[in-house]
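Colleague: Fold the stuff below for me.
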Amino acid sequence: MKVIYRITYPNGKIYIGKDLTDTITYFGSVDSALVEPDFTRAQRRDFTIRKEILWESETATDTDVSRKEIELIEKHRSNDPAVGYNRWPKPRAGRPIRELRIPDRNGPSGALEASGFEPPSSCLQSRRSPS
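Modeller: Okay, the predicted model is just below:
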């Protein structure tokens with residue numbers, strides 16, 4: 001089973017990630033340098049987080065899961081530092097919708113419309129209009 005999960009921290013901030021193996025003890029790869037400043041030493045002594053499965057599939061490809069992860073990050077705004085700890089895709093107000101292609105071992109995959117962010121150059125393939 002492949003899943004997209006949301007981690008909610010005691011301060012209400014969230015992190016959204018994917019787990020391609022549905023490992024119950026996996027709580028994501030959030031950057032601890034982003035989380036640590038939000039909690040005092042005393043708060044760290046008794047710390048509870050919540051993990052919720054937002055989406056799951058037995059048949060989705062890894063590429064499908066990556067697309068869904070981006071969709072849910074943007075939907076829940078977890079890439080907004082005031083809301084969450086995701087730092088990609090970066091939100092960019094006022095930028096046009098771009099087409100994102102997520103590379104796959106078998107070659108380029110279908111397009112994902114995603115608004116307001118600049119994906120890593122390794123993921124972005126420019127599309128030119130025919131002359």
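Colleague: for this structure, where's the lowest mean pLDDT among helices and strands?
Modeller: strand 107-114 (a mean of 39; mean pLDDT, DSSP states H and E).
Colleague: Can you point out the buried residues in stretch 67-87?
Modeller: 67-74, 76, 78-79, 84-86 (16 or more other CB atoms under 10 Å). Every residue, glycine included, has its C-beta placed from N, CA and C.
Colleague: Surely Asp80 touches Pro89?
Modeller: No: using CB atoms under 8 Å, Asp80 is not in contact with Pro89, being 11.2 Å away.
Colleague: any idea where the helices of this protein begin and end?
Modeller: 32-35, 41-45, 62-76 (DSSP state H).
Colleague: Mind checking those helices for the one nearest to Glu56?
Modeller: helix 62-76 (9.6 Å; CB to CB).
Colleague: Show me what that closest one is packed against.
Modeller: strand 2-8, strand 14-19, strand 50-57, strand 98-104, strand 107-114 (3 or more CB pairs under 8 Å, 6 or more residues apart in numbering; DSSP states H and E).
Colleague: please redo it, this time with the cut-off set to 6 Å
Modeller: Judged by 3 or more CB pairs under 6 Å, 6 or more residues apart in numbering; DSSP states H and E, helix 62-76 is in contact with strand 2-8, strand 14-19, strand 98-104, strand 107-114.
Colleague: Among the ones you listed, show the one with the smallest mean pLDDT.
Modeller: Confidence, taken as mean pLDDT, is least for strand 107-114 of the helices and strands packed on helix 62-76 (a mean of 39).
Colleague: Would you mind listing where this protein has pLDDT under the threshold?
Modeller: For the chain, the stretches with pLDDT under 70 are 92-131.
Colleague: can you pull the contacts of Leu20?
Modeller: Lys2 (CB atoms under 6 Å, 6 or more residues apart in numbering).
Colleague: and it, how far is that from Ile14?
Modeller: Per CB to CB, to the nearest Å, Leu20 is found 20 Å from Ile14.
Colleague: Sweet, I'm off.
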